[in-house]
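[1] Any chance you can model this:
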Amino acid sequence: MCGRFALTSTPKDVAALFDIMDVEDFPPRFNISPTQPILMIAAGPRQPSGSNLPERQALLVRWGLLPAWAKDPKDMPLLINARSETAAQKAAFRAAMRHRRTLVPASGFYEWRREGKGRAQPYWLRPKSGGLIAFAGLMETWMEPGGSEIGTGAILTTEASDDLAAIHSRMPVVIPPEHFSRWLDCVRSEPRDVADLLRSAEPGFFEAIPVSDRVNSVANLGPEIQERAEPAQDRPAESAAEQLQLF
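    The predicted structure follows:
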């Protein structure tokens with residue numbers, strides 16, 4: 001699964017990879033956590049033939065999807081992830097899978113490996129080749145009782161690749177650039193038409209770097225949380241590790 005991730009590439013890099021005209025300036029983010037705003041790339045409004053308007057748009061949404069039919073967020077679990085195998089059938093994700101598929105720019109993600117009762121070792125998982133990648137995402141607009149609309153989203157997960165399964169059984173779905181358009185096209189492609197994209201990354205795509213438990217605290221936001229640290233023998237599990245077991 002994915003309970004923390006990072007986006008440290010520049011807005012210019014994001015605009016170039018996703019072929020969008022403008023991305024508002026943002027600082028590097030080394031420890032993105034649930035309920036915080038995250039960047040999503042969605043298909044733009046349908047344009048008339050010959051229009052120069054962008055076909056994709058960058059949006060900020062709350063990480064934690066709220067279905068449109070939800071009455072009160074307090075009555076809903078924090079839906080930061082959606083299982084790709086069942087999202088098209090689940091009431092919370094079914095409409096978004098059909099109509100609002102997105103891409104989530106990321107530099108990598110964090111995962112915790114259980115090392116016995118009460119112990120967890122965090123890892124920073126990044127592409128071996130470096131650079132920017134895209135997680136498969138879902139977006140839903142939720143309307144507050146007062147009438148304000150809130151964009152919300154979740155990251156799709158799948159079974160971990162063989163080389164990462166020892167750390168955690170789940171991982172985010174990574175959409176390759178050559179399939180961006182097909183994934184985002186919710187007009188001509190139904191969920192069954194893009195089901196082949198919902199697979200784990202090839203073994204060796206990510207490298208797993210053990211890091212210190214500084215990443216466990218949402219207050220730690222600097223690049224030092226990605227520095228390699230030798231796995232501790234007796235590391236107590238922190239709340240972040242416990243949180244990841246919700247999904």
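[2] Give me the neighbour count for residue 152.
    When neighbours are counted by other Cβ atoms under 10 Å, residue 152 registers 26. Where you see a C-beta, it was placed from the backbone N, CA and C, and this is true even at glycine.
[3] my guess is it contacts residue 139, does it?
    Yes: between residue 152 and residue 139 there is a contact at 7.1 Å, judged by Cβ atoms under 8 Å.
[4] any common contacting residues for those two?
    61, 65 (Cβ atoms under 8 Å, 6 or more residues apart in numbering).
[5] Poorly predicted segments of this protein, please.
    1, 46-54, 118, 232-247 (pLDDT under 70).
[6] Next, please give the residue ranges for the strands of it.
    With DSSP state E, the ranges of strands along the chain come out as 4-7, 29-32, 37-43, 56-63, 81-83, 101-106, 108-114, 120-127, 133-143, 149-159, 170-172, 206-210.
[7] Name the residues of stretch 165-176 that come out as buried.
    The neighbour-count check on stretch 165-176 (16 or more other Cβ atoms under 10 Å) flags 167, 168, 170, 171, 172, 173, 174, 175 as buried.
[8] er, stretch 146-153 actually
    151, 152, 153.
[9] what does it contact?
    Contacts of stretch 146-153 (Cβ under 8 Å, 6+ apart): 38, 40, 59-66, 102, 104, 137-144.
[10] Could you tell me which of those count as buried?
    Restricting the contacts of stretch 146-153 to buried positions leaves 38, 40, 61-66, 102, 104, 137-140, 142, with burial counted as 16+ other Cβ under 10 Å.
[11] Which of these sits closest to residue 32?
    Of all these, residue 32 sits closest to residue 38, with 6.2 Å by Cβ to Cβ.
[12] Surely that closest one and residue 64 touch.
    No: using Cβ under 8 Å, residue 38 is not in contact with residue 64; the gap is 9.5 Å.
[13] For the residue nearest the centre of the chain, list each beta-bridge partner.
    Residue closest to the mean C-alpha point of the chain, counted by Cα atoms, centre = their mean, is residue 155 at 4.0 Å. Going by DSSP bridges, residue 155 is paired in beta bridges with residue 81, residue 137.
[14] measure it to residue 34 for me?
    Per Cβ to Cβ, to the nearest Å, residue 155 is found 10 Å from residue 34.
[15] repeat for residue 211
    19 Å.
[16] before we move on, what about residue 10?
    Applying Cβ to Cβ to residue 10 and residue 34 gives a distance of 24 Å.
[17] Who has more neighbours out of these two?
    Higher neighbour count among residue 10 and residue 34: residue 34, with 20 against 15, using other Cβ under 10 Å.
[18] does that one really touch residue 5, like I thought?
    No: at 10.5 Å, residue 34 and residue 5 do not qualify as touching, with contact defined as Cβ under 8 Å.
[19] which residues do the two both contact?
    By Cβ under 8 Å, 6+ apart, residue 34 and residue 5 have no common neighbours.
[20] which residues touch residue 9?
    Contacts of residue 9 by Cβ under 8 Å, 6+ apart are 28, 105, 107, 131, 132.
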